[in-house]
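[1] coords below, sequence missing:
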């Protein structure tokens, strides 16, 4: 684990930046009326429960000594009624508070997911997938007890403690002062233990994220293939065992840190009844003794006080641990959204889209690298034309594709679709305008039909077939036993690389975009299939702007314009024949292909 995880001061700084009581309470603000109802039920339940010890005192001091059976029956009936009312109110309180808690968790989970969806590609390229999963699932699930059971018990115990303390004072203020004398010391001990366990909880959740990452990376289809072909299965098992052992140690520390100090609280509460009886006996020697019934009622009230008071201390200790979970969740919620849609974003109706693309002195640099990935790129791509972008590895052509899809925003300059700055265009218009097929297509763990309909949920079966035919994948899908209902498997592992690319292409074709961006989209195809798909794309591309980012130069010989990039700049552009005649970078790439 990193030093950051082991340094309590580093954690304190993180928690102080992201977590505050006001921010946590704001999660519950929309449900204040229902919460007020729960609190009212808690107060009523506590007040009802207080009647029990007073009824008990009346039985001992009056009904039994006077042998008054009638009074005894009434008092016993009162105790039964108190117990019945407490049970009914308690059940209603639990149901209502559980609904509130689950709604709050649902809101937080969806809010975090939506925020992560809005972050730029920069965040995801620098973050482990398992880490994201851990925060949106494990950390929020860790709050379950806080917003359901803990919140419920906190209100119930707090109201019980306050009401019982008042009753004890009414019963005998001298004994009450003796009972309440232990409160400051127990609260101090509880706070110290909570502080230790909070920092351990943060480390524990971070290590749990490491485990989630390990499972995600090594138990996927890709991970299994890598482990088997490299003979590293035993090594991965040992690594997982180390992570699990660390997690087990942190779990034990989190649960037992300060346990000896905590035991002092249990000891003080355990001997309190005996000490109360001693104090009562000493009062018997004074001129104003407490009655036997008062002593019995006081012990009963103590029992009624000490259990919720101990719960309050435990809740305070355990709730402090949830601050670590909030710190991890709020840390992600506070990640700045780099790609935003303007309030007055321009919307272009699909029917009015032409597909004209222009890059005006575009520059961009990855923060991690510092140097520009693309620099001062200017390019005009008329609607309906086919432009190919080529260059050696690291020339910036894929980065240019990211900028066209607005996965990143340019640092300077502008990209325009149909004359509208990409940053001014609505997200929906950009989605309708541009279709992207990447060199590493991603398929959902779903059927072929569901993967295709991800682009167009309302697409008919006939539309699926048309798109699949254009992508040269229909015949293969139709030959499968389950046809378009075939499950593609984890990341499409039931299909070859070329078949996955054709499925991804069919998915994009289904959206019928005005601009088609192909980023090495035919790199996994054999020569025969590539030729067939190229012919189909030629038919599809009529009247459509096509931008091809290519490594295999044989696929772009007939492009209207070939743009050659090197070190983030455009160094050549023209037709295939013209560029070959120049005998420059392009000619060198062609001879080396």
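    Good, I have the coordinates. Treat the numbers as computed from the prediction; the structure is a model and nothing was measured. Numbering: from 1, shown residues only.
[2] And the strands in the stretch 301-450 of the chain?
    Here the stretch 301-450 of the chain has its strands, by DSSP state E, counting those that start in this stretch, at 357-365, 372-381, 386-390, 412-417, 420-421, 434-437.
[3] least reliable of those strands going by mean pLDDT?
    With a mean of 87, strand 434-437 has the lowest mean pLDDT of the strands of the stretch 301-450 of the chain.
[4] What lies in contact with that strand?
    Under the contact criterion C-beta atoms under 8 Å, 6 or more residues apart in numbering, strand 434-437 has outside partners 401, 404-405, 417, 501, 504-505, 508-509, 511-519, 521. (Glycine included, C-beta is placed from N, CA and C.)
[5] ok, that strand: who's next to it in the sheet?
    strand 515-519 (parallel) (DSSP bridges).
[6] quick revisit: would you convert the strands of the stretch 301-450 of the chain into JSON lines that also reports distance to residue 100 and mean neighbour count?
    Rendered in JSON lines, the data for those read as follows (distance: least, C-beta to C-beta, whole Å; neighbours: other C-beta atoms under 10 Å):
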{"stretch": "strand 357-365", "distance to residue 100": "46", "mean neighbour count": "19"}
{"stretch": "strand 372-381", "distance to residue 100": "49", "mean neighbour count": "19"}
{"stretch": "strand 386-390", "distance to residue 100": "54", "mean neighbour count": "24"}
{"stretch": "strand 412-417", "distance to residue 100": "46", "mean neighbour count": "19"}
{"stretch": "strand 420-421", "distance to residue 100": "45", "mean neighbour count": "18"}
{"stretch": "strand 434-437", "distance to residue 100": "43", "mean neighbour count": "22"}
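[7] Residue 342 is in contact with residue 423, isn't it?
    Yes. Residue 342 lies in contact with residue 423 (C-beta atoms under 8 Å); the separation is 7.3 Å.
[8] Neighbour count: those two, which is higher?
    residue 423 (16 against 11; other C-beta atoms under 10 Å).
[9] Now the residue nearest to that one when sequence neighbours are not counted: phi and psi?
    Leaving out its chain neighbours, the residue that sits closest to residue 423 by C-beta to C-beta, 6 or more residues apart in numbering is residue 409, at 6.4 Å. The phi and psi torsions at residue 409 (degrees, to the nearest 10) take the values phi -100, psi 150.
[10] residues touching residue 409, list them.
    Residue 409 sits in contact with 120, 338, 339, 403, 423, where contact means C-beta under 8 Å, 6+ apart.
[11] need the helices for the stretch 351-500 of the chain, in chain order.
    Listed in chain order, the helices of the stretch 351-500 of the chain (DSSP state H, counting those that start in this stretch) span residues 397-404, 427-433, 448-453, 461-470, 474-479, 497-511.
[12] Among those, which comes closest to residue 232?
    helix 497-511 (23.0 Å; C-beta to C-beta).
[13] Going by contacts, tell me the helices and strands next to that closest one.
    Contacts of helix 497-511 with other secondary structure elements, assessed using 3 or more C-beta pairs under 8 Å, 6 or more residues apart in numbering; DSSP states H and E, are made with strand 434-437, helix 448-453, helix 461-470, helix 527-540.
[14] mind checking how far residue 219 is from residue 238?
    Applying C-beta to C-beta, to the nearest Å, one obtains 15 Å for the distance of residue 219 from residue 238.
[15] between these two, which one's more packed in?
    residue 219 (13 against 10).
[16] mind checking how far the more buried one is from residue 372?
    To residue 372, residue 219 is 39 Å away according to C-beta to C-beta.
[17] Run through the stretch 401-550 of the chain and note the low-pLDDT ranges.
    Counting by pLDDT under 70, the low-confidence segments of the stretch 401-550 of the chain come to 521-542.
[18] Got the phi and psi for residue 212?
    According to degrees, to the nearest 10, the main-chain angles of residue 212 amount to phi -60, psi -40.
[19] For it, give me the pLDDT.
    If you check residue 212, the pLDDT there is 76.
[20] Contacts only, for the closest residue to residue 311 other than its chain neighbours.
    Nearest-residue entry for residue 311: residue 157, 4.4 Å, with adjacent residues in sequence omitted and distances by C-beta to C-beta, 6+ apart. Applying C-beta under 8 Å, 6+ apart to residue 157 gives the contacts 308, 309, 311, 312, 315.
[21] Contacts for stretch 567-585, please.
    Around stretch 567-585, the neighbours that count as contacts under C-beta under 8 Å, 6+ apart are 372-379, 391, 394-396, 399, 556-566, 586-587, 590.
[22] From those residues, list the buried ones, please.
    372-375, 377, 379, 391, 395-396, 399, 556, 559, 561-566, 586 (16 or more other C-beta atoms under 10 Å).
[23] Tell me which residue lies nearest the centroid of the chain.
    Residue closest to the average C-alpha location in the chain (C-alpha atoms, centre = their mean): residue 136, at 2.1 Å.
[24] did I read that right, that one in a strand?
    No. Counting by DSSP: H, G, I helix; E, B strand; the rest coil, residue 136 is not part of a strand but helix.
[25] Let me know the distance separating it from residue 515.
    In this structure, residue 136 lies at 33 Å from residue 515, with C-beta to C-beta as the measure.
[26] same check, this time on residue 548
    Residue 548 is 12 Å from residue 515, where distance means C-beta to C-beta.
[27] which residues does the nearest residue to residue 328 once chain neighbours are set aside contact?
    Excluding the flanking residues, the one nearest residue 328 by C-beta to C-beta, 6+ apart is residue 139, at 5.0 Å. The contact partners of residue 139, taken as C-beta under 8 Å, 6+ apart, are 205, 325, 328, 329.
[28] Which one of the residues you listed is nearest to residue 446?
    Lowest distance from residue 446 to the contacts of residue 139 (C-beta to C-beta) belongs to residue 329, with 28.8 Å.
[29] Dihedrals phi and psi, the closest residue to the closest one other than its chain neighbours?
    Taking C-beta to C-beta, 6+ apart as the measure, residue 329 lies nearest to residue 139, with 5.4 Å between them; neighbours along the chain are not counted. Residue 139 adopts backbone torsions of phi -70, psi -40, taken as degrees, to the nearest 10.
[30] Check the one 3 residues further on too.
    Torsion angles at residue 142 (phi, psi; degrees, to the nearest 10) stand at phi -70, psi -20.
[31] Check whether it really touches residue 208, as I assumed.
    No. In this structure residue 142 lies outside contact range of residue 208 using C-beta under 8 Å: 9.1 Å.
[32] thinking residue 129 is in contact with residue 216, fair?
    Yes. In this structure, residue 129 sits in contact with residue 216. The criterion is C-beta under 8 Å, and the distance is 5.4 Å.
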